[in-house]
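Q: What shape does this take:
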Amino acid sequence: MNFIRSVGEQWKKSEFAEKIALVLETEVGHLFCGATNISAVANLISAVSYYGLDDDFLEESLDDAHMLIILFDCFRLLIVKQIEHDKLNQAEHLIIQIAKHYASKTYASKTYDSKNEFGYTAELKLFQQQIFTLCLKLEKMQSLRRSQYLSMGRNV
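A: Numbering: from 1, shown residues only. Predicted coordinates:
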């Protein structure tokens with residue numbers, strides 16, 4: 001019985017990845033001109049963010065606010081990976097760029113607060129702010145690492 005349930009969960013996850021891929025293709029399709037395709041990025045986003053999503057959320061269409069929520073979880077995990085290991089593959093770099101894209105959008109309070117519980121827009125703004133703050137910190141850390149790496153060669 002667990003096997004059947006696991007297969008069902010994987011099926012739902014792949015359907016979720018297809019929905020994400022459709023949204024990404026229309027919204028940020030221009031980012032996918034390299035070796036990594038949209039389905040690889042969508043599958044990675046789905047794999048990271050699928051846990052704990054209820055069926056109602058999965059049935060809804062994915063608007064910009066939903067995408068920001070989904071990408072925020074992926075973004076945080078990838079920032080931690082970048083800080084600890086200093087290695088991200090191309091799909092992971094694309095997810096960070098896509099998260100920044102969605103964080104730069106404006107989310108009107110009328111549209112989202114009326115649809116959902118109070119404070120939904122405030123939560124989105126918090127996600128936007130955290131994405132921008134973490135990006136700045138990551139850029140500073142990468143710059144520091146590069147300067148340390150370059151200065152090692154000078155001391156020889």
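Q: From here on, just use CA atoms for contacts and neighbour counts.
A: Will do.
Q: For residue 36, which residues are in contact?
A: 90-91 (Cα atoms under 8 Å, 6 or more residues apart in numbering).
Q: for the longest helix seen in the chain, which positions count as buried?
A: Looking across the chain with DSSP state H, the single longest helix is helix 120-154. For helix 120-154, burial by neighbour count (16 or more other Cα atoms under 10 Å) applies to 120-121, 124-125, 127-128, 131-132, 135, 138.
Q: With distance to residue 83 and pLDDT as added columns, please give these in JSON lines.
A: Shown next, in JSON lines, are these (distance: Cα to Cα, whole Å; pLDDT from 0 to 100):
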{"residue": "120", "distance to residue 83": "29", "pLDDT": "73"}
{"residue": "121", "distance to residue 83": "29", "pLDDT": "83"}
{"residue": "124", "distance to residue 83": "24", "pLDDT": "90"}
{"residue": "125", "distance to residue 83": "24", "pLDDT": "92"}
{"residue": "127", "distance to residue 83": "19", "pLDDT": "94"}
{"residue": "128", "distance to residue 83": "20", "pLDDT": "94"}
{"residue": "131", "distance to residue 83": "15", "pLDDT": "95"}
{"residue": "132", "distance to residue 83": "16", "pLDDT": "95"}
{"residue": "135", "distance to residue 83": "11", "pLDDT": "92"}
{"residue": "138", "distance to residue 83": "8", "pLDDT": "88"}
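Q: Tell me where the protein has strands.
A: Ranges of strands within the chain: none, based on DSSP state E.
Q: in it, which residue is closest to the centre?
A: In the chain, the centroid-proximal residue (Cα atoms, centre = their mean) is residue 71; its distance is 2.6 Å.
Q: what's the closest non-adjacent residue to residue 107?
A: Nearest residue to residue 107, sequence neighbours excluded (Cα to Cα, 6 or more residues apart in numbering): residue 121, at 6.8 Å.
Q: Quick check: that neighbour touching residue 128?
A: No. Counting by Cα atoms under 8 Å, residue 121 does not reach residue 128; the two are 10.4 Å apart.
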